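A.B. asks: just need the structure, nothing else, for what follows:
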Amino acid sequence: MRFFLILCLAGLLYTACDTATPAEPQKKVVHFLENKELTFKEKLERCLSAVYREELGFNEEQLEWLTQVYEKNKYAPIWFNDSILNEKGEQMKETLEHCMWLGIPETRLKFTKKEIINPVITELLMTARSALILQDLKTGMFNDTTKQYLPQRFADLTAYDSLLAFPVSIGYSRFYIDHSFTDTNYRYLAEHLYDFCSDFPIDKTTFDIKPEKEDSINAVPMAMNALQKKGYLGLADTGKVLFMNALKQFQVHNGLKPDGKIGKYTAWALNENTYDKVLRAGLALDKMRRKQKYPEKFVKVNLPEYLLRFYVNDSLKSVHNIICGTTDHQTPELKSKIHTVVVYPYWNVPYSISSKEILPAVKANHNYLSKNNYKIYKGDHEVNPHSVKWKKIPKNTFPYKVIQQPGPSNSLGIIKFEFHNDYSVYIHDTPTKYLFKTDVRSYSHGCMRCQNPVDLGKLILDYDTLRPKKRKIGGKGNPLTPDSLDSLMNLAENYEIRLKDPVPVFVEYQSVVADKEHMVFHLDIYRRDEEYLKIMRD
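C.D. replies: Numbers count the residues shown, from 1 in each chain. Just a heads-up that it's a prediction; the model follows:
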């Protein structure tokens, strides 16, 4: 019986095995981008279809723009031939890889967190990035208010057609420079930045060099290493003469006195890597793109450059060295109008200065006030300083108003230019004229001290309002002339000249500047570029 049951079970198993249908092997699903049966055109068209759009990382406006470009081109690739970069593609690839040479950081060209490596996707990204650069070079990439990147927008189709039609043999970089912002100073900076990046490595190495006075042993060898990294010296160039020449060239490039010495500010400039300097140049270009058009007459102060310029009808009339605020008393950026020129001004000493600086000086020397021509007031009544028990006044307090009387030793000098602002700063003369000999002039409490300010005052009067006999623009001029200013100076008395046509004044912060011959990386003395650089870095 047991044998019979075993035979039956074996038969059932045999029958089951005999009648089973073998499972069919599953077909491997091939992504359309890897499908060799589809042409490049077909893949491009499918990429831009509604089904695949979300995977690309572009927004709807950008996808619509890309669709219009490729529809116009009948979905033929622009940069590829049979999955291989064509001549245009090779040229554009090189341009995009050197986008920093144009002032556009690499971070600006990112669309997706993870880029798909595929010729079709690369084609679309090259088109998007080349169009984004073209737009940014026209209108800027930062928002002035938020200090963040603006949304990525592409150039209009007509401008982009011009890019595609540009001769490949000349190079797309040339097109970008020629078709960006049209301001002359902008063009100088763009050209010099591109040439600098061609000549020097964009090195990311930072250093910790200390001035020679603080580290006499290591300062020179560390500076030599830095200059080699930055491309000012070859690796085999270790001689003293070569080192000195390279250091002086570097100092010139960084707006410093070419004395061949490793001082505080030369060490600062050496410690900053070239990558950040190039980013700062790109930021300077972007600031220039975003500026409103200047009026026909204006004063412009650029703080990192320590210069004031006076323009009339696009013509530079005068240039003046300035001294601006220390890092603890930074001069603000602002827009206003110079409405009054004050001859032999009074100085109403701010409370912060009288309580923190004048009070300790008076306690140390009771003749300090009279020696410096100060008077003190309680309300509108003058107080005899010898009647005050100075030692009983608590530290960092000052119960009196302090006014320095007019005169050559007045902290404002012999002339002041007033304009309304929220910071109680103005442009003025100074008795400490020796400070103008220094290259980094950050010494004041926030006001801008001006070299040769009387010359500036004469020019401002001469163009107030532009006199009809001498100028094309109508209007009556100020009855006071430049010669009148000389007469007032000779009187050595306080006098206010109200301008008939207030002069717009722009106090700005642009750390990299250029003229026809040179580009200069000035120190970011207030580190105001840093918040932008955090976004611009990789």
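
A.B. asks: contacts, neighbours, all on C-alpha from now
C.D. replies: Noted.

A.B. asks: for this structure, which residues score under the pLDDT cut-off?
C.D. replies: By pLDDT under 70, the weakly predicted segments of the chain are 1-30, 50-51, 53-54, 113-115, 466-477.

A.B. asks: need the longest strand for it.
C.D. replies: Ranked by residue count and defined by DSSP state E, the top strand of the chain is strand 495-508.

A.B. asks: immediately after that strand, which helix or strand?
C.D. replies: strand 512-514 (DSSP states H and E).

A.B. asks: and the contacts of that next one?
C.D. replies: Identification of contacts with strand 512-514 by Cα atoms under 8 Å, 6 or more residues apart in numbering yields 185, 188-189, 192, 280-281, 284, 305, 519-522.

A.B. asks: mind running it again at 10 Å?
C.D. replies: 185-193, 254-255, 277-285, 302, 304-305, 519-524 (Cα atoms under 10 Å, 6 or more residues apart in numbering).

A.B. asks: enumerate the positions of the next helix or strand after it that are buried.
C.D. replies: Remark: after strand 512-514, the chain's next helix or strand is strand 519-521, criterion DSSP H and E. The neighbour-count check on strand 519-521 (16 or more other Cα atoms under 10 Å) flags 519-521 as buried.

A.B. asks: for these, which one is nearest Phe142?
C.D. replies: Of all the buried residues of strand 519-521, Phe521 has the smallest distance to Phe142: 20.5 Å, by Cα to Cα.

A.B. asks: please report how far that closest one lies from Glu382.
C.D. replies: Going from Phe521 to Glu382 by Cα to Cα, to the nearest Å gives 50 Å.

A.B. asks: also Gln405?
C.D. replies: According to Cα to Cα, Gln405 and Glu382 sit 13 Å apart.

A.B. asks: which one of those two has more residues nearby?
C.D. replies: Just comparing Gln405 and Glu382: by other Cα atoms under 10 Å the higher neighbour count belongs to Gln405, 19 against 13.

A.B. asks: buried stuff in stretch 95-110?
C.D. replies: Buried-residue list, stretch 95-110, by 16+ other Cα under 10 Å: 95-96, 98-105, 108-109.

A.B. asks: do the same with stretch 418-430
C.D. replies: Neighbour-count burial for stretch 418-430 [16+ other Cα under 10 Å]: 418-419, 425-430.

A.B. asks: repeat for stretch 132-144
C.D. replies: For stretch 132-144, using 16+ other Cα under 10 Å, the buried residues are 132-142.

A.B. asks: take those and lay them out in JSON lines including distance to Asp156 and secondary structure.
C.D. replies: Listed next are these as JSON lines, based on distance: Cα to Cα, whole Å; DSSP: H, G, I helix; E, B strand; the rest coil:
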{"residue": "Leu132", "distance to Asp156": "10", "secondary structure": "helix"}
{"residue": "Ile133", "distance to Asp156": "12", "secondary structure": "helix"}
{"residue": "Leu134", "distance to Asp156": "9", "secondary structure": "helix"}
{"residue": "Gln135", "distance to Asp156": "8", "secondary structure": "helix"}
{"residue": "Asp136", "distance to Asp156": "12", "secondary structure": "helix"}
{"residue": "Leu137", "distance to Asp156": "13", "secondary structure": "helix"}
{"residue": "Lys138", "distance to Asp156": "11", "secondary structure": "helix"}
{"residue": "Thr139", "distance to Asp156": "12", "secondary structure": "helix"}
{"residue": "Gly140", "distance to Asp156": "15", "secondary structure": "coil"}
{"residue": "Met141", "distance to Asp156": "16", "secondary structure": "coil"}
{"residue": "Phe142", "distance to Asp156": "19", "secondary structure": "strand"}
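
A.B. asks: which member of those is positioned nearest Phe243?
C.D. replies: The nearest one, if we look at the buried residues of stretch 132-144 relative to Phe243 and count by Cα to Cα, is Leu137, at 37.6 Å.

A.B. asks: one step back: spit out the residues that contact Gln405 and Glu382 alike.
C.D. replies: Here Gln405 and Glu382 have Lys375 as joint contacts, going by Cα under 10 Å, 6+ apart.

A.B. asks: if we can go back for a sec, what's the longest strand of the chain packed up against?
C.D. replies: Counting contacts by 3 or more Cα pairs under 10 Å, 6 or more residues apart in numbering; DSSP states H and E, strand 495-508 packs against strand 297-302, strand 307-312, strand 334-343, strand 415-419, helix 453-462, helix 482-491.

A.B. asks: any idea how far that strand is from the chain center?
C.D. replies: In terms of Cα atoms, centre = their mean, to the nearest Å, the centre of strand 495-508 is found 27 Å from the chain centre.

A.B. asks: buried set for it?
C.D. replies: For strand 495-508, by 16+ other Cα under 10 Å, it's 495-496, 498-508.

A.B. asks: now do the residue lying closest to Leu308 once chain neighbours are set aside against Gly171, distance only.
C.D. replies: Excluding the flanking residues, the one nearest Leu308 by Cα to Cα, 6 or more residues apart in numbering is Val301, at 4.4 Å. Using Cα to Cα, we find Val301 at a distance of 37 Å from Gly171.

A.B. asks: Ile460 now?
C.D. replies: Taking Cα to Cα, one finds Ile460 at 46 Å from Gly171.

A.B. asks: next: Asp156.
C.D. replies: 21 Å.

A.B. asks: rewinding a little: direction included, what does the longest strand of the chain pair up with?
C.D. replies: Using DSSP bridges, strand 495-508 pairs in its sheet with strand 297-302 (parallel), strand 334-343 (antiparallel).

A.B. asks: by how many degrees do the longest one and helix 482-491 diverge?
C.D. replies: Calculated by axes from the mean of the first three to the mean of the last three Cα atoms, to 10 degrees, strand 334-343 forms an angle of 60 degrees with helix 482-491.
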